[in-house]
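Participant: the sequence and its predicted three-dimensional model are supplied below.
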Amino acid sequence: MVIETNNLTFNFGNQTVVKSLSLQVPAGSIYGFLGPNGAGKTTTIKLLLNLLQTQQGDIKIFGMDFAHNRRDILSQVGSLIEQPAIYGHLTGRENLINRALLLQVPEGRVDEMLALVKLTHAAAKKASNYSLGMKQRLGIALALLSDPKLLMLDEPTNGLDPNGIIEIRELLVRLVRDHGKTVFISSHLLAEIEKMATHVGIINFGEMLFQGPIKDLQSISQPMVQIETDNNVDAANLLTRSGYKVIDVKDECLNVAFESKQSTAKINTLLNQNGYEVYSIHKVQKDLENLFLDITKAPAK
Ligand SMILES: Nc1ncnc2c1ncn2[C@@H]1O[C@H](COP(=O)(O)OP(=O)(O)OP(=O)(O)O)[C@@H](O)[C@H]1O
């Protein structure tokens, strides 16, 4: 794991904004850290970057205990939180050269970074004249100058138009695929993250509500046949024995993985032939956005 937290908890006064958080961010992943406004994402990122002092719990980054290896760890982490620290009166290249001097990074990296974030054509333009998307990309180039293994980005697509979002997405995918980085990116929009993330963590009120590979989240949103019978438990057993994939059984209904209309009709016939009364049978599907809303609308504890 590149990032691992155990029982991470943080309070602002008497408000607990991060609650027993156990993050698991695998190496080489694009980890989407999702949650509505005020969920605790920025606070968590600040704890991971030591911009806030940990009050409770442990953080391990690159397998090292954060409390005892802070310098070592942070020298291998690039970050972008809130607005990128850019000087508007300097050009894109000058901004990068300044930082390269500060970090004692060879100046050759500057042109490499400009090319990587597709700003070579605008290198000599004043940063104040950059679009929001260009500023974000320059911010990412600044974060990448020291060639960190891990990039942490707090809502980097906030306020960007669809093109700007696509450019950032493509850049992050390239960084992971071609440069072996791990990317930790927060957002309050699942739709933005879904297309690039390999893993997601969904938090609300500081608590982890779902964490795992994106495909696990997608599999919860697979289409299902929802069936209500006079005996759902026995009907589910019959369907399992007959080779259908029963997803769950509740008092009021049972859910079977949807295969086709024809297979749904066969399920109906099978149940009827075995003496079950079928009160309703229909296809249901939650799209990811609705799933996300469902997961995050739980009331505060
Ligand atoms: N400096 C602070 N002092 C007191 N409370 C704070 C402070 N910073 C954040 N909070 C509170 O902590 C909670 C979590 O805020 P945080 O900024 O971490 O959420 P977030 O998920 O990043 O939200 P957003 O998507 O809006 O940026 C919120 O209730 C917020 O009001």
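Facilitator: Everything's here; your move.

Participant: where do the helices sit along the chain?
Facilitator: Along the chain, the stretches classed as helices by DSSP state H are 41-48, 70-74, 92-103, 108-116, 132-144, 162-179, 190-194, 214-220, 232-241, 261-273, 288-296.

Participant: dump those helices to CSV, plus distance to the ligand, mean pLDDT and mean neighbour count.
Facilitator: Using the backbone N, CA and C atoms, a C-beta is placed for each residue, glycine as well. Shown next, in CSV, are the helices of the chain (distance: least, C-beta to the nearest ligand atom, whole Å; pLDDT from 0 to 100; neighbours: other C-beta atoms under 10 Å):
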stretch, distance to the ligand, mean pLDDT, mean neighbour count
helix 41-48, 3, 95, 22
helix 70-74, 20, 92, 15
helix 92-103, 25, 94, 18
helix 108-116, 27, 91, 17
helix 132-144, 16, 91, 23
helix 162-179, 16, 89, 16
helix 190-194, 13, 84, 20
helix 214-220, 19, 80, 15
helix 232-241, 39, 97, 17
helix 261-273, 41, 96, 14
helix 288-296, 11, 74, 16
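
Participant: can you list those in a markdown table and add distance to residue 11?
Facilitator: Listed next are the helices of the chain as a markdown table, based on distance: least, C-beta to C-beta, whole Å:
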| stretch | distance to residue 11 |
| --- | --- |
| helix 41-48 | 10 |
| helix 70-74 | 21 |
| helix 92-103 | 34 |
| helix 108-116 | 38 |
| helix 132-144 | 29 |
| helix 162-179 | 32 |
| helix 190-194 | 28 |
| helix 214-220 | 29 |
| helix 232-241 | 44 |
| helix 261-273 | 51 |
| helix 288-296 | 21 |
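
Participant: relative to the ligand, how far out is the residue positioned nearest the centre of the chain?
Facilitator: The residue lying closest to the centre of the chain (C-alpha atoms, centre = their mean) is residue 32, at 1.0 Å. According to C-beta to the nearest ligand atom, to the nearest Å, residue 32 stands 13 Å off from the ligand.

Participant: hang on, isn't that residue packed against residue 188?
Facilitator: No: look at residue 32 against residue 188 with C-beta atoms under 8 Å: they stay out of range, at 10.8 Å.

Participant: which residues touch the residue nearest to residue 233 when sequence neighbours are not counted?
Facilitator: Nearest residue to residue 233, sequence neighbours excluded (C-beta to C-beta, 6 or more residues apart in numbering): residue 249, at 5.9 Å. By C-beta atoms under 8 Å, 6 or more residues apart in numbering, residue 249 lies in contact with 232, 233, 236, 255.

Participant: give me the angle between the strand ranked longest in the chain and helix 41-48.
Facilitator: Taking DSSP state E as the criterion, the chain has its longest strand at strand 3-12. Here strand 3-12 points in a direction 110 degrees away from that of helix 41-48 (axes from the mean of the first three to the mean of the last three C-alpha atoms, to 10 degrees).

Participant: and strand 3-12, which strands flank it?
Facilitator: Applying DSSP bridges, strand 3-12 is found paired with strand 15-21 (antiparallel), strand 24-25 (antiparallel), strand 56-61 (antiparallel).

Participant: which stretch among those strands comes nearest the ligand?
Facilitator: The ligand sits nearest to strand 15-21 of all the strands paired with strand 3-12, at 3.8 Å, using C-beta to the nearest ligand atom.

Participant: give the buried residues for that closest one.
Facilitator: Neighbour-count burial for strand 15-21, with 16 or more other C-beta atoms under 10 Å as criterion, is recorded at 16, 17, 18, 19, 21.

Participant: would you list these in CSV and tack on pLDDT and distance to residue 154?
Facilitator: What follows is the buried residues of strand 15-21, written out as CSV (pLDDT from 0 to 100; distance: C-beta to C-beta, whole Å):
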residue, pLDDT, distance to residue 154
16, 94, 20
17, 95, 15
18, 96, 14
19, 95, 19
21, 95, 16
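
Participant: can you redo those as CSV with distance to the ligand?
Facilitator: What follows is the buried residues of strand 15-21, written out as CSV (distance: C-beta to the nearest ligand atom, whole Å):
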residue, distance to the ligand
16, 9
17, 4
18, 8
19, 11
21, 11
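
Participant: in the stretch 151-300 of the chain, what residue comes closest to the ligand?
Facilitator: The minimum distance from the stretch 151-300 of the chain to the ligand, using C-beta to the nearest ligand atom, falls at residue 188 (4.9 Å).

Participant: tell me, how many neighbours does that residue end up with?
Facilitator: The number of residues packed near residue 188 is 17, by other C-beta atoms under 10 Å.

Participant: and residue 30, by the same measure?
Facilitator: What residue 30 shows, counting by other C-beta under 10 Å, is a neighbour count of 24.
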